[in-house]
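**Student:** pasting the sequence and the predicted model now:
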Amino acid sequence: MLVRYGLDRRAGLDRRAVVHQLQVRPFASVLIGMFGGLMVGITSVGSGSLMIVLLLFVYPMLGANQLVGTDLTQAVPLTMAAALGALVFGHVEFAVTTSLILGSVPAVLIGSLLSSRAPDRYIRPAITFVIFASGLKYVGVGTTALGWILCSVLLAAGAIWLLYIRPRQLAREAGEDLVVEEPPRIQTT
């Protein structure tokens, strides 16, 4: 996600394409689907955290909200297939599953509403943060350490934004809004 962001800024790309204007790359999309399906079947991770990153590279002009919608739509049959596999092999705890569904369905609807209206500059950092947290947890970082790491990252990101990024944005905006004329020069001989 960070590499894609850097490449976009360097190239001056503005992710404003929409899905129905996109030229589909079926071979690359099928490979992403195969990889994601394998990862979801093995780990239950991949539908969002792996596939959205790969989709960013294959479809660089799509904004995060378009990628989220595309990814969520493919996640339904993908998750259904993984759930059927887990049911067949007897790896489902129905009490936990019911509780998760009761909490997650309303939250998904609210999240979908927010992501469809929020600008890309807010969605991409949120996606990056969630993927970062998932990655840390999957490499074995304990819950307490994970909490401290994530809080530290948020504080550092806020400090960088306040001390480095925001002042430059304000200076750039002020430079565009104010037209400063040089005073006439007096020639002396």
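**Tutor:** Thanks, I have the structure now. Numbers count the residues shown, from 1 in each chain.
**Student:** pLDDT at the residue most central in space within the chain, what is it?
**Tutor:** In the chain, the centroid-proximal residue (CA atoms, centre = their mean) is Ile127; its distance is 2.8 Å. pLDDT for Ile127: 81.
**Student:** I'd say it and Asn65 touch.
**Tutor:** No: Ile127 is not in contact with Asn65 according to CB atoms under 8 Å; the separation is 10.3 Å. Where you see a C-beta, it was placed from the backbone N, CA and C, and this is true even at glycine.
**Student:** the helix or strand of the chain with the lowest mean pLDDT - contacts with which helices or strands?
**Tutor:** Ranking every helix and strand in the chain by mean pLDDT, DSSP states H and E puts helix 2-11 at the bottom, with a mean of 71. Helices and strands touching helix 2-11, by 3 or more CB pairs under 8 Å, 6 or more residues apart in numbering; DSSP states H and E, are helix 51-58, helix 120-138.
**Student:** one step back: separation between the residue nearest to the centre of the chain and Ala107?
**Tutor:** With distances taken as CB to CB, to the nearest Å, Ile127 is found 16 Å from Ala107.
**Student:** tell me which residues of the helix or strand hosting Pro106 come out buried.
**Tutor:** Assessed by DSSP states H and E, Pro106 sits inside helix 94-117. Within helix 94-117, the residues that count as buried by 16 or more other CB atoms under 10 Å are Ser115.
**Student:** ok now that helix, how far from the chain's centre?
**Tutor:** Put simply, helix 94-117 sits 18 Å off its chain's centre (CA atoms, centre = their mean, to the nearest Å).
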